[in-house]
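sequence unknown, structure follows:
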């Protein structure tokens, strides 16, 4: 029964996504232009050089799609009354969320595929293994990062502020990636989605038990935060908030 | 079977919409809630549905939130979705076939009014057609309580009649509560009119009883009732 609700909403969101191809293109524009301008002259001759060159923008695509494809539309469709209307029809808020998550997972896999192939052509470095690892990493991290961003659903954010917050988070977290932290601040470094993506990717290339443990803990944090936040997510649109 | 509200208090932006509200709905008939603008008709449905939690008071007789169907005055829609897709989606939400679907008159409404629109996108339908589609879709899902907020607003007379018929038929199968400013069409079917104030349901009875009590026409009865409630000269039996 729950599966049939998810299927119904997935078709719904898929039809909408097909109509909104511009979003897919737009997510790729910045990373591609960045790579062309900032990193085109990089000499890529091996797996390490290739992955470290394109990893930041690959992670950007994943984080951007999670924020702009899952979290922000959840807030926007709540404010439009969509969520509550279809919650009462289906009896399940999670069916709505998971359906959109599934569609956006498909979209981000497509984006990563296009971006990775484009970069391989640009740097004339080809590796099927790296391509597959990028895809598997995306498949694993994307739902978890989307869940992690669910804490934003509890913030009293107006729709007009959504794009500002999304941009600030996208770029701010990317900047924080390069900050060296230690001590108690290290936990905040670990939960940075960019760090998480890089960590999961590296695990597929070389398994470190200590890294596996920290990745696992961060994943659990994302899941707990995500589930609690979405269950507490107020379905009432802001125009009618008591 | 009754829904009973005791001592309900609800605030919007520091303004108390309900302040110690007491009332009940007998669910054997279609219940139509009327009242002045801003009195809290929609808020009452929000409270019954669980969308809004009262600051004080309690409500008994409600099914779990998942078993409540709440159709809003303006249901958001995606313009490119077809009526057929919408119906298919709504049908998939129900584990059981609602018995109302087999009603001959409901089938007639489907064949005459919904079937011709199946391939149409929601965005090209008129407001009245879209409302009819959403209300028909909602009755395809088997729930324990149905709430409709202003189902007749922006709808022409012909479609109003169809919607009222749908709602009356639905109430024969399941408890149904609606809010409305347009009451004349409801006066032609079997329903209970409930006049809402911030403290209580001032009047609850048949349409003819309302006219007999407060005026010869609905408009005069409504105005007279409102004045009596405001002046405190009316008390529910």
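Cool, got the structure. This one's a predicted model, so the numbers in the text were calculated from it and none came from an experiment.

for residue B:43, what is the enclosing helix or strand?
If you go by DSSP states H and E, residue B:43 is part of helix B:41-49.

now that helix: average pLDDT?
Averaging pLDDT along helix B:41-49 gives 94.

list the contacts of that helix.
Contacts with helix B:41-49, where a contact means CB atoms under 8 Å, 6 or more residues apart in numbering or on different chains, come from A:88, A:236, A:240, A:242, B:3, B:5, B:8, B:10, B:12, B:17-18, B:33-35, B:52-54, B:59, B:62, B:65, B:68, B:70, B:73, B:145, B:147, B:149-150, B:177, B:179, B:196. (Each C-beta comes from the backbone N, C-alpha and C, glycine too.)

show me what the helix or strand just after it packs onto, helices and strands only.
Going down the chain from helix B:41-49, the next helix or strand is strand B:56-60, by DSSP H and E. Identification of packing neighbours for strand B:56-60 by 3 or more CB pairs under 8 Å, 6 or more residues apart in numbering or on different chains; DSSP states H and E yields strand B:2-12, strand B:15-26.

adding mean neighbour count and distance to chain A, write those strands out as TSV.
Formatted as TSV, the helices and strands packed on strand B:56-60 follow (neighbours: other CB atoms under 10 Å in any protein chain shown; distance: least, CB to the nearest CB, whole Å):
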stretch	mean neighbour count	distance to chain A
strand B:2-12	17	5
strand B:15-26	18	8
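
next, format these as TSV and append mean pLDDT.
As requested, those are exported to TSV (pLDDT from 0 to 100):
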stretch	mean pLDDT
strand B:2-12	90
strand B:15-26	88
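
same list (those) but as TSV, adding distance to residue A:62.
Compiled in TSV, the helices and strands packed on strand B:56-60 are given as follows (distance: least, CB to CB, whole Å):
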stretch	distance to residue A:62
strand B:2-12	40
strand B:15-26	44
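
between those strands, which gets nearest to residue A:231?
strand B:2-12 (22.8 Å; CB to CB).

now do the closest one and helix B:41-49, the angle between them.
120 degrees (axes from the mean of the first three to the mean of the last three CA atoms, to 10 degrees).

and the helices and strands packed on strand B:56-60: which comes nearest residue A:109?
Closest among those, once you apply CB to CB, is strand B:2-12, at 43.9 Å.

what is the closest one packed up against?
So strand B:2-12, by 3+ CB pairs under 8 Å, 6+ apart, packs with strand B:15-26, helix B:41-49, strand B:56-60.

name the SS class of the spatially most central residue of chain B, please.
Residue closest to the mean C-alpha point of chain B, counted by CA atoms, centre = their mean, is residue B:178 at 1.4 Å. Recorded secondary structure, residue B:178: strand (DSSP: H, G, I helix; E, B strand; the rest coil).

how about the nearest residue to it, chain neighbours excluded?
Take residue B:178 and drop its neighbours on the chain: the residue closest to it by CB to CB, 6 or more residues apart in numbering or on different chains is residue B:148, 4.2 Å away.

residues in contact with that neighbour?
Contacts of residue B:148 by CB under 8 Å, 6+ apart are B:71, B:135, B:138, B:167, B:176-179.

the helix or strand encompassing it: partners in the sheet, and parallel or antiparallel?
Under the criterion of DSSP H and E, residue B:148 resides in strand B:145-149. Strand pairing for strand B:145-149, determined by DSSP bridges: strand B:68-71 (parallel), strand B:176-179 (parallel).

contact residues of chain A facing chain B?
With the criterion set to CB under 8 Å from any CB of the partner chain, chain A comes near chain B through A:1, A:4-5, A:7-9, A:11-12, A:15-16, A:19, A:77, A:80-82, A:84-85, A:88-92, A:235-236, A:240-242.

select only the buried ones of those in PyMOL?
Here is the PyMOL command that picks out the buried ones among the residues of chain A next to chain B, judged by 16 or more other CB atoms under 10 Å in any protein chain shown:
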select buried, chain A and resi 5+8+9+11+12+15+77+80+81+82+84+85+88+89+90+91+92+235+236+242
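
out of the residues of chain A next to chain B, list just those in helices.
A:4-5, A:7-9, A:11-12, A:15-16, A:19, A:77, A:82, A:84-85, A:88-90 (DSSP state H).

which elements pack onto the worst-scoring helix or strand of chain B on mean pLDDT?
Counting by mean pLDDT, DSSP states H and E, chain B has its least confident helix or strand at helix B:218-231, which shows a mean of 79. For helix B:218-231, the elements it packs on are strand B:191-196, strand B:201-205, helix B:207-214, judged by 3+ CB pairs under 8 Å, 6+ apart.

tell me the gap between the second one and the middle of its chain.
Taking CA atoms, centre = their mean, to the nearest Å, one finds strand B:201-205 lying 16 Å from the centre of the chain it belongs to.

and for stretch B:171-185?
5 Å.

tell me the buried residues in that stretch?
Buried-residue list, stretch B:171-185, by 16+ other CB under 10 Å: B:171, B:174-180, B:182-183, B:185.

tell me the average confidence for it?
For stretch B:171-185, the mean per-residue pLDDT is 91.

quick one: end-to-end distance for that stretch.
With CA to CA, to the nearest Å applied, stretch B:171-185 spans 16 Å between its terminal residues.

repeat that for stretch A:150-170.
15 Å.

what's that stretch in contact with?
A:60, A:63-64, A:67-68, A:71-72, A:74-76, A:78-79, A:225-227, A:229-230, A:232-233, A:238.

swap the cut-off to 6 Å and go again
A:64, A:67-68, A:71-72, A:76, A:79, A:225-226, A:229-230, A:233 (CB atoms under 6 Å, 6 or more residues apart in numbering or on different chains).

so which of those residues wins on neighbours?
residue A:71 (27 neighbours; other CB atoms under 10 Å in any protein chain shown).

quick one: that residue is in a helix?
Yes - membership of residue A:71 in a helix is supported by three-state DSSP.

residue A:166 in helix, strand or coil?
Under three-state DSSP, residue A:166 comes out as helix.

against residue B:54, how distant is it?
Per CB to CB, to the nearest Å, residue A:166 is found 35 Å from residue B:54.

what's the burial count for the residue nearest to residue B:97 when sequence neighbours are not counted?
Spatial nearest neighbour of residue B:97, excluding adjacent residues (CB to CB, 6+ apart): residue B:142 at 7.6 Å. For residue B:142, the neighbour count with other CB under 10 Å is 18.
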